[in-house]
Structure formats: C-alpha cells, structure tokens
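Visitor: model this:
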Amino acid sequence: NRKKELKQISEAIKGTLKGSSSHLILVGNYGNGKTSTLKYIGNQISTQVPQSQTIYLSYPGDSFLELYGNMIYQIGLPMLEDYIWRFLEISNEIDDLKQKVDTGEVLFPEIIELGKRKLFDLVNYNDFATALLHIVLSDTRFVAWKYICGESVLHDQRKELDIVSVIDN
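Guide: I've put the predicted structure just below:
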C-alpha cells in the first residue's frame, strides 16, 4: 500500500537518469518497510541502469572511515576485482584480458604499466591506485584488499605493495 511513495521514488530515479538532481529521505518507525523500500530502489536503479552499482548499508558507521569500509565490503572483493580487470581491458584495448593473462598469451607486466598510468591520472592518490591494481595479483590480493577497505596495514605489508602511506588515519 505504498503506491504514492513508490511513484515518487520512480519519478526521482527517472529524473536522475535524465540528469536532474533528486533527493529523497526515507523515514519511518521500526517495521514500516524502510529496508524493503531501499532494496526496491536498488533493484529499480540496477534494472534501469545495468552498469550501475547499488549497495545497501544497514549501519553506515560512526566515522567516514567506517562508512567507507562498510561500502567497500558491500561491493566485495570479487566485484572490485572484476572492475579492475575491466579497467585494464579498456586501458589496454584487449578483450578477455584475464583469460589471456592466465593462459600466458599476454604478460601481466606488459599491461599493468599502461593501467597504472591511466589509473594514476584518474585517482589522485597513487598509493590507493597501486593497491587497487594489486587486488588482481594473487600474491598481494589479501593485503591490497585490507588496504582498500581502510584497515590497518603494517609497514612491511605496505612495502610489499609498494605503498608508503597509511589509509586508516
């Protein structure tokens, strides 16, 4: 029985897709369907914009670092790794890049340098960009994931990633 509210949500989504800014605030008591409504909104956006990413945070946290970490955890390592491979494919203009690297048809060091240069141009934080690229390497995946999630990473581990700064301060 939320036809009026769902219509407002649909109109806001359509307006945003056309380029206008839309804001909605969802308020209600426990059990009124806020979570279901937010999941509905995410589904509507994903349906109308297939290349979009929607996530739901049940608790954003008490600080920006917690909000950021919770958001990255919701995106998840597999999805982030897929995004990085797609970025490297686009940067190097090579289709099915992961498969070609796995079979040895393309050498990873050859593609990573161009990917680094393009990513550094987009992300003005070199250590973050470096950590993102290290997510696709099996040897450094775990430490890079920790860093990207905003967790504390020891000096020796950052050195292994070729990263100088800490992300959790």
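
Visitor: Kindly provide the whole-number mean pLDDT of stretch 4-20.
Guide: Averaged across stretch 4-20, the pLDDT comes to 81.

Visitor: actually stretch 126-137, not the one I typed
Guide: Confidence for stretch 126-137, expressed as mean pLDDT, is 90.

Visitor: Can you name the residues in contact with that stretch?
Guide: Counting contacts by Cβ atoms under 8 Å, 6 or more residues apart in numbering, the residues outside stretch 126-137 that touch it are 77, 80-81, 84-85, 88, 98, 108, 112, 115-116, 119-120, 122-123, 140-141, 143-145, 147-148, 158, 161-165, 167. In this view, the C-beta of every residue, glycine as well, is placed from N, C-alpha and C.

Visitor: make it 7 Å
Guide: With Cβ atoms under 7 Å, 6 or more residues apart in numbering as the test, stretch 126-137 has contacts from 80-81, 84-85, 112, 115-116, 119-120, 123, 140-141, 144-145, 147-148, 161-165.

Visitor: Now stretch 76-85: buried residues?
Guide: By 16 or more other Cβ atoms under 10 Å, the buried positions in stretch 76-85 come out as 77, 80-81, 84-85.

Visitor: Equivalent analysis for stretch 116-127, please.
Guide: Applying a neighbour-count criterion of 16+ other Cβ under 10 Å, the buried positions in stretch 116-127 are 116, 118-119, 127.

Visitor: Most widely separated two among those?
Guide: Comparing every pair within these by Cβ to Cβ identifies K118 and D127 as the most remote, at 16.6 Å.

Visitor: shaky segments in the chain?
Guide: Along the chain, the parts satisfying pLDDT under 70 run over 21-22.

Visitor: can you pull out the helices in it?
Guide: Along the chain, the segments classed as helices by DSSP state H run 3-17, 34-48, 64-75, 77-92, 97-103, 108-122, 126-134, 141-148, 155-161.

Visitor: Just the CA atoms of the second one, as CSV, please.
Guide: Taking Å, rounded to 0.1, in the frame of the first residue of the first chain, the C-alpha atoms of helix 34-48 are listed here in CSV:
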residue,chain,number,x,y,z
LYS,A,34,12.3,1.1,5.0
THR,A,35,14.8,-1.7,4.3
SER,A,36,12.4,-3.3,1.8
THR,A,37,11.9,0.1,0.1
LEU,A,38,15.6,0.7,-0.1
LYS,A,39,16.1,-2.7,-1.7
TYR,A,40,13.3,-1.9,-4.1
ILE,A,41,15.1,1.4,-5.0
GLY,A,42,18.4,-0.5,-5.6
ASN,A,43,16.6,-3.0,-7.8
GLN,A,44,14.9,-0.3,-9.8
ILE,A,45,18.2,1.5,-10.4
SER,A,46,20.0,-1.7,-11.4
THR,A,47,17.2,-2.5,-13.8
GLN,A,48,17.1,0.9,-15.4
